[in-house]
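> Predicted model follows, preceded by the sequence.
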Amino acid sequence: MKLSQLLSAIGADCPQEAEITALTCDSREVVPGALFAALEGARTDGRAHIPDALSHGAAAVVCRPPLPENVPGAAAERPRAALALLAAEFYGRPADALTLIAVTGTKGKTTTAHMLRDILTAAEHKTGMIGTLGTYIGAEKLSDTLNTTPEPIALHRTLRQMADAGCTHVVMEVSSQAMKLERVHGLTFAAGLFLNLSPDHIGGAEHADFDEYRACKAALFRQCKAAVGNADDPSWPVMADQVPAGAPVTTFGFGKKADIRALSSAPDPDRPLSSLLTVEGSAPYSVPLPGAFNAADALAAAALSRALSVPNHAVRAGLARVSVPGRAQIIPVPAPFTVVIDYAHNGVSFDAILSALREHHPRRILLVFGAGGDRPKIRRRDMARSAARWADYAILTADNPRSELAEDICADIAAALGDAIPWEIIPDRQAAIFRALSLAGEGDVVALLGKGHEEYIEEKGIRRPFSERRAVEAYFSVQR
């Protein structure tokens, strides 16, 4: 692509023409003919890497003013926003051919995105999905993602792949960091969905405070042709204030003010660890996930689907078959008990999944968990308190100890547990899982919490492969 065509996307002149073969914001990835976008990072300013990029054959540069003398390219006051527009242009503006749906919120984005993907598929729309668990076309996984919402080059490259594959719709998890770093700048969403907001991602390189976090979430709705929001959440009015004038707004919730109101959610007596969601004016929806939090996500997905005029039969069919890797995921086992894997890794998410499991009246909940190293230690206390409230037995083990010792982390959790419930420490996670399975009997639930979809354990800077699902399979292969 000619540099002049590329720079036209950001309204920049091109006094020096060049042929652009690639885009990158990493000087180590520069190939001859590439345009290098020098971005400000958490630790370094990309401008410092311009000489290195040029030495490796970069044909042009985009950076904060001033542009280095005699270097083709353009200066931009907001290089990140410029890169988003350049990436869209470089990949032929694939978003123009797609119906984009944005999902945002502190909790539930991944589950709700999977629900929407399955609903749209049931409505016979070929659907792409981009989020925490990777990129997908239908149920086929294309790649992992480094971020919940990819950086612009990867994002538009993926959208191009989806458009070329015949997708008509794409469901995207859009994080607050994505908004802060302008990863989706220039995109227009057919609809944006707001789930909830609670303090998270605050401090360090993320958000300065809750106000900034909320403002970044709200900024998404300026880019939406329609908005669907949780009327039960106190932050919804802040989101709604950003919706463009004249754009339709729909609310959902369990309260009386919601446009689409849930009357109840309860365990499904005909399906293990499943829920029945009753919505005003409709027969109950069956959702193969337990708990009120999953029912709330299903309500959000149903509300968004209605806003897009998706037929109710597709909503019902999509919700009935949804499965989310590592989110209340039941692992089939040849035993009279149930094994569940979930990504819960703080007190709030522990309460959500464990209370949901308790609603189904298991004989016992046997819990395997740890806590991430180099993370706030208050999480260890909060998870212990939740375990003491809901579980019958706990086996404490490793969960991404990072620079800490798993034994030390487990000792902190054990101190918080005290004598509230029986517990033991087995730092090796596979051995801990084997121990829990050996203790389980008829009617029990073995809950493996913290890792979810992750298939590694991070320790001392190294991620070694580890799959809880494979650990469970290995246990039963030995038993045979």
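That came in fine, so what should we check first? Residues are numbered from 1 along each chain as shown.

> Please count neighbours and contacts with C-alpha atoms only from this point.
Fine.

> All the strands of the stretch 101-250 of the chain, residue numbers only.
Assigned by DSSP state E, counting those that start in this stretch, the strands in the stretch 101-250 of the chain fall at 127-131, 134-137, 140-143, 169-173, 191-194, 227-230, 249-253.

> Using a markdown table, lay out the ones you listed together with distance to Pro362.
Formatted as a markdown table, the strands of the stretch 101-250 of the chain follow (distance: least, Cα to Cα, whole Å):
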| stretch | distance to Pro362 |
| --- | --- |
| strand 127-131 | 33 |
| strand 134-137 | 33 |
| strand 140-143 | 34 |
| strand 169-173 | 33 |
| strand 191-194 | 33 |
| strand 227-230 | 31 |
| strand 249-253 | 29 |
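
> So which of these is nearest Ile119?
For Ile119, the closest of the strands of the stretch 101-250 of the chain is strand 127-131, at 9.6 Å, according to Cα to Cα.

> what's that closest one packed up against?
Packed against strand 127-131 by the contact rule (3 or more Cα pairs under 8 Å, 6 or more residues apart in numbering; DSSP states H and E) you find helix 109-122, strand 134-137, strand 169-173.

> Dump the ones you listed to CSV, plus mean pLDDT, mean neighbour count and distance to Asp144.
Below are the helices and strands packed on strand 127-131 laid out as CSV (pLDDT from 0 to 100; neighbours: other Cα atoms under 10 Å; distance: least, Cα to Cα, whole Å):
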stretch, mean pLDDT, mean neighbour count, distance to Asp144
helix 109-122, 98, 26, 14
strand 134-137, 98, 21, 4
strand 169-173, 98, 26, 14
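
> Distance to Leu449 for those - can I get that in TSV?
Shown next, in TSV, are those (distance: least, Cα to Cα, whole Å):
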stretch	distance to Leu449
helix 109-122	16
strand 134-137	20
strand 169-173	23
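
> quick one, what contacts the nearest residue to Thr397 once chain neighbours are set aside?
Nearest residue to Thr397 in three dimensions, chain neighbours excluded: Pro427, at 4.3 Å (Cα to Cα, 6 or more residues apart in numbering). By Cα atoms under 8 Å, 6 or more residues apart in numbering, Pro427 lies in contact with 396-398, 406-407, 410.

> by how many degrees do the host helix or strand of Leu276 and strand 249-253 diverge?
Taking DSSP states H and E as the definition, Leu276 sits inside strand 275-279. Per axes from the mean of the first three to the mean of the last three Cα atoms, to 10 degrees, the angle that strand 275-279 makes with strand 249-253 is 130 degrees.

> about what we covered before: how far away is the residue nearest to Thr397 from Ala391?
Separation of Pro427 from Ala391 (Cα to Cα, to the nearest Å) stands at 19 Å.

> Then Thr145?
Look at Thr145 and Ala391: by Cα to Cα, they are 33 Å apart.

> now do Pro422
Distance, Pro422 to Ala391, using Cα to Cα: 10 Å.

> Comparing those two, which residue is more hemmed in?
Taking other Cα atoms under 10 Å, Pro422 and Ala391 do not tie; Ala391 has more neighbours (23 against 14).

> For the nearest residue in space to the more buried one that is not next to it in sequence, which residues are in contact?
Ranked by Cα to Cα, 6+ apart and with sequence neighbours excluded, the top spatial neighbour of Ala391 is Ile365, at 5.0 Å. For Ile365, the contacting residues are 358, 390-393, 444-447, by Cα under 8 Å, 6+ apart.

> let's see 10 Å
By Cα atoms under 10 Å, 6 or more residues apart in numbering, Ile365 lies in contact with 338-339, 354, 357-358, 387, 390-394, 440, 443-447.

> same deal with Thr21?
1-3, 31-35, 58-59, 90 are the contacts of Thr21 under Cα under 10 Å, 6+ apart.

> so can I have a markdown table of the residues you listed showing pLDDT, distance to His49 and secondary structure?
As requested, these are exported to a markdown table (pLDDT from 0 to 100; distance: Cα to Cα, whole Å; DSSP: H, G, I helix; E, B strand; the rest coil):
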| residue | pLDDT | distance to His49 | secondary structure |
| --- | --- | --- | --- |
| Met1 | 95 | 24 | coil |
| Lys2 | 97 | 23 | strand |
| Leu3 | 97 | 20 | helix |
| Val31 | 97 | 14 | coil |
| Pro32 | 97 | 16 | coil |
| Gly33 | 97 | 16 | coil |
| Ala34 | 98 | 14 | strand |
| Leu35 | 98 | 13 | strand |
| Ala58 | 97 | 11 | coil |
| Ala59 | 97 | 14 | coil |
| Phe90 | 98 | 22 | helix |
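
> isn't there a helix covering Arg435?
Yes. Per DSSP: H, G, I helix; E, B strand; the rest coil, Arg435 lies within a helix segment.

> Pretty sure it sits against Val368.
Yes. Counting by Cα atoms under 10 Å, Arg435 touches Val368, with 9.4 Å between them.

> more neighbours, these two?
Val368 (27 against 15).

> The more buried one: what secondary structure?
Assignment for Val368 (three-state DSSP): strand.

> Return the set of residues that bridge with it.
Ile395, Leu448 (DSSP bridges).

> gap between it and Glu454?
Distance, Val368 to Glu454, by Cα to Cα: 15 Å.

> which ones are touching Arg271?
Neighbours of Arg271 in contact, by Cα under 10 Å, 6+ apart: 286-289.

> Out of those residues, flag the one nearest to Glu459.
Leu289 (31.5 Å).

> tell me what the strand or helix carrying Leu86 is packed against?
Using DSSP H and E, Leu86 maps to helix 79-90. When contacts are defined as 3 or more Cα pairs under 10 Å, 6 or more residues apart in numbering; DSSP states H and E, helix 79-90 packs onto helix 3-8, strand 22-24, strand 34-37, strand 60-63, helix 152-164.

> from those, which stretch is densest packed?
Per residue and on average, the most neighbours among those fall to strand 34-37, with a mean of 28 (mean count of other Cα atoms under 10 Å).

> Quick check: can you name the pairing partners of that strand and their directions?
Here, using DSSP bridges, strand 34-37 pairs with strand 22-24 (parallel), strand 60-63 (parallel).

> and Ala344, which of the ones you listed is closest to it?
strand 22-24 (34.8 Å).

> Give me the neighbour count for the residue lying closest to Met239 once chain neighbours are set aside.
Residue nearest to Met239 in three dimensions, not counting chain neighbours: Ala218, with 4.5 Å by Cα to Cα, 6+ apart. The number of residues packed near Ala218 is 24, by other Cα under 10 Å.
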